[in-house]
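> how does the following fold in three dimensions:
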Amino acid sequence: MKLKQRYAYQFAVYHPAVVSQFNRSLFPEWPLAFVAVAMAKHLTRGASDIFASVVYDEKVKDTLVGVYIVPFLYFREVLDLELVRQRLLEKLMPIARFRSRVESVPGPLGCNSVYVELDRKTMEASLSELVSAPAGLTTEADLNRFVSGLYGQTWDPALPLWRAYVINHLEDGRSLLMMKIDHAMADGVALLDVLYHIIDSYDGPVIEMKSARSPSADSGCFDCDSCLLHLQGWWRAIWKPFIGELLPGDPPNRLKFKDAKVAGRTKAVASTPGIDLEEIKAIKSKIRGATVNDVLMTLMCLTLRKYFQRYEPSTLKQSVTATIPVSVRREGEEDIFNPMFFGNNFSQAQISFPLEVEDPMEAFRRVKSQIDVIKVSPEPHLRLGLISCLTSCAVPQSLLASAMMDQFGRVTATLSNVIGPLREVQFLGQAVDDLSFYAMVPLGLYLGVVQYKGRIKVGICCDGELEPEPTRLAECWEEALQSLKAAAGR
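You can find the predicted model right below:
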């Protein structure tokens, strides 16, 4: 390949949207197939680049194992496998990453992950593998074992990084559509948009997930309290990503490995019973200045306190740290059909849970004070900038994966709160009876709250070696809810 064409190819791979703005007449000496191939490749960036390299880099796979999102959609009636296949084909084909495989490509600054689009004929021929119906799954225990077994399974490099499973005739009479989606494809906010795309038409209200915004000069920093809050936000942005990372992370506990750089190889999952959102709102209404998210984060804190109080009391002498994903999307960057916008566009912030605090209301105040600072802090944007800088440099993917594993190893848990459809939705004419998800990450505990049609439940995913019975955490969640109710009512 001539030098000029090689640089043009790299530019087209790195900037497909830019190249698409120009007419091919500007590149008369370049073969049409050359430009088409370059245009069909979409470079991953940031966290997506590291997650995707698990597919082709054995060192990265040994370090991270994998990061997956596993959504559950329950139905009251039997699902037709062929109809599900055709619906997913028609709805997911227009989304570039869902019709693409991942490969590595040398770039000007090292090796990167790119998505290479597959044609419709290839996707149709692969439907039986992409969407299957595993047999012998009837009980909740069967499902949990099946989901746990998905962790660390090797992807076929010739196919996209998603799979769907249709499971009929569960013991409660319901059916299930379950998916396994690699986090390299997209984050939870983007995948929620995909959910709205694959279901039947939905005309109900949608609550937009709030994004982190950098403080601006007109943020209202004129009163003393607001000014102090913003100063705390800026100090947090300096301390946490830079100075704080030089300090030791959480000490080992029952939910955290002694060796912070080693990921577990097994997962155990469970889900809490659903509760009415009105129960959370009732607690919120009794606490001045509270939000639903404040209450949910406090419940996470109280859940961990009750868990350690019962199974490892020595941990109550310390605080434990959890990471929370923070969307950093700007307005207008929610287009699932635009490869430049669809994907992972999130950062993280850390929150410290004061396990030593017995009073639920005092725990609430401490948790809320941190959340309020995170809301105005540029910390998420600085963390995202650091990741983008590292993944744009000529750094081997294995070293980036080790750095990411080091971040996972510093904390005890990861938490998230996903707001799904507020009303009942349908898929292939059937009502979606329930909705939940699990997130599999290389650390000891992930707690994922999901809201659907006025109900809330928590998907619990633990490392199978550290906690093989995640139902223990589900029990602690229910106890935490009752204790916070009682404390708020005093």
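
> show me the strands in the stretch 151-300 of the chain, by range?
162-167, 175-182, 267-271, 275-276 (DSSP state E, counting those that start in this stretch).

> got a markdown table for those, with mean neighbour count too?
Where you see a C-beta, it was placed from the backbone N, CA and C, and this is true even at glycine. Formatted as a markdown table, the strands of the stretch 151-300 of the chain follow (neighbours: other Cβ atoms under 10 Å):
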| stretch | mean neighbour count |
| --- | --- |
| strand 162-167 | 22 |
| strand 175-182 | 21 |
| strand 267-271 | 23 |
| strand 275-276 | 13 |
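
> of the ones you listed, which approaches N417 most closely?
With Cβ to Cβ as the measure, strand 275-276 is the member of these nearest N417 (14.1 Å).

> now the strands of the stretch 151-300 of the chain in CSV, with mean pLDDT and distance to C224?
As requested, the strands of the stretch 151-300 of the chain are exported to CSV (pLDDT from 0 to 100; distance: least, Cβ to Cβ, whole Å):
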stretch, mean pLDDT, distance to C224
strand 162-167, 98, 51
strand 175-182, 98, 46
strand 267-271, 94, 44
strand 275-276, 96, 39
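
> including distance to G343, could the ones you listed go into CSV?
As requested, the strands of the stretch 151-300 of the chain are exported to CSV (distance: least, Cβ to Cβ, whole Å):
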stretch, distance to G343
strand 162-167, 14
strand 175-182, 11
strand 267-271, 24
strand 275-276, 33
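
> among those, which comes closest to A349?
Closest among these, using Cβ to Cβ: strand 175-182, at 23.5 Å.

> same for the closest one, what does it pack against?
strand 68-75, helix 140-150, strand 162-167 (3 or more Cβ pairs under 8 Å, 6 or more residues apart in numbering; DSSP states H and E).

> and of those, who's closest to E465?
Of all those, helix 140-150 comes closest under Cβ to Cβ, at 11.7 Å.

> any idea where the helices of the stretch 351-490 of the chain begin and end?
With helices called from DSSP state H, counting those that start in this stretch, the stretch 351-490 of the chain shows them at 360-376, 379-392, 397-409, 471-488.

> no, scratch that, I was asking about the stretch 151-300 of the chain
Counting by DSSP H, counting those that start in this stretch, the helices of the stretch 151-300 of the chain are 188-198, 224-238, 277-285, 292-311.

> can you tell me what sits against the helix or strand that contains D49?
Element membership of D49, judged by DSSP states H and E, is helix 47-52. For helix 47-52, contacts defined as Cβ atoms under 8 Å, 6 or more residues apart in numbering pick out 43-44, 60, 64, 67, 102, 112-113, 161, 182-185, 343-344, 346, 387, 391, 397, 400-401, 404.

> toward the C-terminus, what is the element adjacent to it?
Next element after helix 47-52 (DSSP H and E): helix 58-64.

> mind checking the strands of the stretch 151-300 of the chain for the one nearest to E379?
Of the strands of the stretch 151-300 of the chain, nearest to E379 by Cβ to Cβ is strand 175-182, at 26.7 Å.

> quick check: angle from that closest one to strand 162-167?
Here strand 175-182 runs at an angle of 160 degrees relative to strand 162-167 (axes from the mean of the first three to the mean of the last three Cα atoms, to 10 degrees).

> what residues does strand 175-182 touch?
51-52, 54, 66-79, 84, 143, 147, 150, 155, 161-170, 191, 427.

> phi, psi of P378?
phi -80, psi 10 (degrees, to the nearest 10).

> quickly note the distance from it to D372.
15 Å (Cβ to Cβ, to the nearest Å).

> which of these two has more residues huddled nearby?
P378 (19 against 16; other Cβ atoms under 10 Å).

> distance check, that one against G385.
Taking Cβ to Cβ, one finds P378 at 9 Å from G385.

> swap in S53?
Distance from S53 to G385, by Cβ to Cβ: 21 Å.

> more crowded one of those two?
It is S53, of S53 and G385, that has more neighbours when counted by other Cβ under 10 Å, with 25 against 15.

> quick one, what contacts the more buried one?
60, 104, 113, 397, 401.

> among those residues, give me the pair with the biggest separation.
Farthest pair in those, by Cβ to Cβ: S104 and A401, 13.6 Å.

> more crowded one of these two?
A401 (23 against 17).

> would you confirm that that one contacts V60?
Yes. If you go by Cβ atoms under 8 Å, A401 and V60 touch, sitting 4.3 Å apart.

> and the angle for the longest strand anywhere in the chain with strand 267-271?
Under DSSP state E, the strand in the chain containing the largest number of residues is strand 430-440. If you take the same axes, to 10 degrees, strand 430-440 sits at 140 degrees to strand 267-271.

> let me know the angle separating strand 430-440 from helix 140-150.
Going by the same axes, to 10 degrees, strand 430-440 makes 50 degrees with helix 140-150.

> buried set for strand 430-440?
For strand 430-440, a neighbour-count test (16 or more other Cβ atoms under 10 Å) marks 430, 432-440 as buried.

> just give me the closest of those residues to T414.
For the buried residues of strand 430-440, the nearest to T414 is A439 (7.3 Å; Cβ to Cβ).

> name the nearest residue to that closest one, ignoring sequence neighbours.
Y446 (4.8 Å; Cβ to Cβ, 6 or more residues apart in numbering).

> give the bridge partners for that neighbour, please.
Note on Y446: beta-bridge partners by DSSP bridges are T414, C461.

> okay, now it: neighbour count?
22.
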